[in-house]
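Chemist: this one's sequence-less:
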């Protein structure tokens, strides 16, 4: 039976406990959100000892289920003030599951203000000093651990932004190559980890045992069906491996939904130079790698390895959202400069979406001009120096925009919008507005039906049908996040009924009981209900489920549209919550 480990940083003690009945069947986002909702006061300060950071592998993580290596980290967010689950790939979820850990709950705060390392192996969890790592970026921090403990370990760490408790700080998870490239980026949970005095977590899964499904044959049959559906879908079966997530750049730009220069336009004239197609060619020409898995057991392999002109490693990906945030949103069309910024984000430990969006707001504020890649890199380097401006950059678009007296700040509940303009893709606008965690495309990826023709078709420029679309996707996504599956499996699930059947059969095999599509939906509703309850306790109301007013008043070229879904309709999205 997997255990929950509670690490009390106030007393520097560790307690192991069996999961209660309420948590026994949960994992991933389902478990992190439940523990946070049940145990964290809604009104607490996110960086106080009262907040808790919960780290949990998904239900299926470590079982061998395809694409099931996602890890969830949850807390009250210092960026939004809401509940937050931030999700990443890498080897962390598999390592935790192999070591029999259902969740790590980091509580309290060190009275001496010092930073520590958690060491986790088959013997349990230990707290050690980490004074020698203070001020180091994620790359140097992780490299030192591999040198000291060998190549079998997995690391979860924060960079300088997390140490400074900046509200856009991320949490890095090492990939199969031992690099800190997979980030729980959104919501500033790296700041919460920093407030707990944890610089990093080192896991050695040697001697552990993978979770065993209760009904191995049923699980195996479901996994086989699921993988067959993934392999046969054009995106999960090859498209994403070839062009990566940045295959979307030309598509979204053509649709007029590619936010440009701080959401002032829907198309970027430099898109081709930073597109997935161009990125693919550059990587191949230089001897990089496409079709790279972010964790063992990933069959989609949408990641890639980006190298410089001399063939030297620079960064992973970069991914679509990262390239957009540091590219079109800042008026920059230089892939190499964007790759440098991605590397800096990962090293300092900042959410790449928030970082790019913040630079976009800084450009509109006149701090540096739009299109200046070198000055944008310079802004990010301020984070590593710990300057006042660097701290503003690492605190997010909302904080910097307010500090500079800006009115056009593309955030919801304090979190920056990702790479789709809600005026030209109104379904994603509904998700941005109503997500329990601020503007977040992954909470309910309406782009599939709005633009890609995946899972049906809903006119992206009209308000009709958008609330229903987003509602269904938000429920399903909460279940996927709880399962530990990669969100990209949804492309196959939405288009091929056998994919969804495979997921339910894997879950049923794991639990040793029948698990239906209705059970899958019920899981998602259960998670969202917990999150809404926490947010209500934190003081959030329907008035917070809104986009900034400029999306309703400023028409977006080339379609000359505004966001048209009414407040009354937005208020109906969570009608399933008691």
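Modeler: Everything's here; your move. As the structure is a prediction and not an experimental result, all values here were calculated from the model.
Chemist: can we go C-alpha only for contacts and neighbour counts from here?
Modeler: OK.
Chemist: where exactly do the helices run in the stretch 301-450 of the chain?
Modeler: 320-326, 335-348, 352-364, 373-385, 388-393, 397-403, 426-434, 447 (DSSP state H, counting those that start in this stretch).
Chemist: Ok, which of the ones you listed comes nearest residue 111?
Modeler: Nearest to residue 111 among those is helix 388-393; the distance by C-alpha to C-alpha comes to 23.8 Å.
Chemist: what packs against that closest one?
Modeler: Packing partners of helix 388-393 (3 or more C-alpha pairs under 8 Å, 6 or more residues apart in numbering; DSSP states H and E): helix 352-364, helix 373-385, helix 397-403.
Chemist: Can you mark which positions in that helix are buried?
Modeler: Buried positions in helix 388-393, judged by neighbour count with 16 or more other C-alpha atoms under 10 Å: 390, 391, 392, 393.
Chemist: Could you say which one of the helices of the stretch 301-450 of the chain comes nearest to residue 521?
Modeler: Closest to residue 521 of those is helix 426-434 (C-alpha to C-alpha; 17.6 Å).
Chemist: List the contacts of the following helix or strand past the closest one.
Modeler: Beyond helix 426-434 on the C-terminal side, the first helix or strand identified by DSSP states H and E is helix 447. The contact list for helix 447 (C-alpha atoms under 8 Å, 6 or more residues apart in numbering) reads 425, 427, 428.
Chemist: ok so, going back, for the helices and strands packed on helix 388-393, give me JSON lines that also has mean neighbour count and mean pLDDT.
Modeler: Compiled in JSON lines, these are given as follows (neighbours: other C-alpha atoms under 10 Å; pLDDT from 0 to 100):
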{"stretch": "helix 352-364", "mean neighbour count": "29", "mean pLDDT": "98"}
{"stretch": "helix 373-385", "mean neighbour count": "19", "mean pLDDT": "98"}
{"stretch": "helix 397-403", "mean neighbour count": "20", "mean pLDDT": "98"}
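Chemist: Quick one: closest of these to residue 92.
Modeler: It is, among the helices and strands packed on helix 388-393 and with distance given as C-alpha to C-alpha, helix 352-364, at 19.9 Å.
Chemist: Summarise which helices and strands that closest one is packed against.
Modeler: Secondary-structure packing of helix 352-364 (3+ C-alpha pairs under 8 Å, 6+ apart): helix 320-326, helix 335-348, helix 388-393, helix 397-403, strand 415-416.
Chemist: and if we set it to 7 Å?
Modeler: helix 320-326, helix 397-403 (3 or more C-alpha pairs under 7 Å, 6 or more residues apart in numbering; DSSP states H and E).
Chemist: Would you mind telling me which of those is nearest residue 31?
Modeler: Closest approach to residue 31 among these (C-alpha to C-alpha): helix 320-326, 26.8 Å.
Chemist: what separates the closest one from the chain centre, distance-wise?
Modeler: Taking the mean of its C-alpha atoms, helix 320-326 sits 14 Å from the chain's own mean (C-alpha atoms, centre = their mean, to the nearest Å).
Chemist: please begin residue numbering at 41 from this point
Modeler: Sure, I'll start counting at 41 from here, so that last one is helix 360-366.
Chemist: follow-up on the earlier one: nearest to residue 349 among the helices of the stretch 341-490 of the chain would be which one?
Modeler: helix 375-388 (9.2 Å).
Chemist: Wait, residue 603 touches residue 593, no?
Modeler: No. Under the criterion of C-alpha atoms under 7 Å, residue 603 makes no contact with residue 593, lying 8.2 Å away.
Chemist: Could you check which of those two has the larger neighbour count?
Modeler: Taking other C-alpha atoms under 10 Å, residue 603 and residue 593 do not tie; residue 603 has more neighbours (26 against 12).
Chemist: The residue positioned nearest the centre of the chain: which element?
Modeler: Most central in the chain under C-alpha atoms, centre = their mean is residue 127, positioned 4.2 Å from the mean C-alpha point. Residue 127 belongs to strand 123-128 when elements are defined using DSSP H and E.
Chemist: Residues in contact with whatever helix or strand comes next after that strand: which ones?
Modeler: Once strand 123-128 ends, the next helix or strand along the chain (criterion: DSSP H and E) is helix 132-138. Contacts to helix 132-138, defined as C-alpha atoms under 7 Å, 6 or more residues apart in numbering, come from residues 97, 101-102, 109-111, 194, 213, 243, 245, 248-251.
Chemist: Now do the buried residues in stretch 608-618.
Modeler: Under the neighbour-count criterion of 16+ other C-alpha under 10 Å, stretch 608-618 has 610, 611, 613, 614 buried.
Chemist: Confirm residue 241 sits in a strand?
Modeler: Yes. Assessed by DSSP: H, G, I helix; E, B strand; the rest coil, residue 241 belongs to a strand.
Chemist: Distance of it relative to residue 171?
Modeler: Look at residue 241 and residue 171: by C-alpha to C-alpha, to the nearest Å, they are 14 Å apart.
Chemist: returning to what we had before: I'd like to know which of the helices and strands packed on helix 428-433 lies nearest to residue 504.
Modeler: Short answer: helix 392-404, nearest of the helices and strands packed on helix 428-433 by C-alpha to C-alpha, at 28.6 Å.
Chemist: between the helices and strands packed on helix 428-433, which gets nearest to residue 494?
Modeler: Among the helices and strands packed on helix 428-433, helix 392-404 comes nearest to residue 494, with 24.0 Å by C-alpha to C-alpha.
Chemist: What about residue 588, how many residues nearby?
Modeler: Neighbour count of residue 588, defined by other C-alpha under 10 Å: 16.
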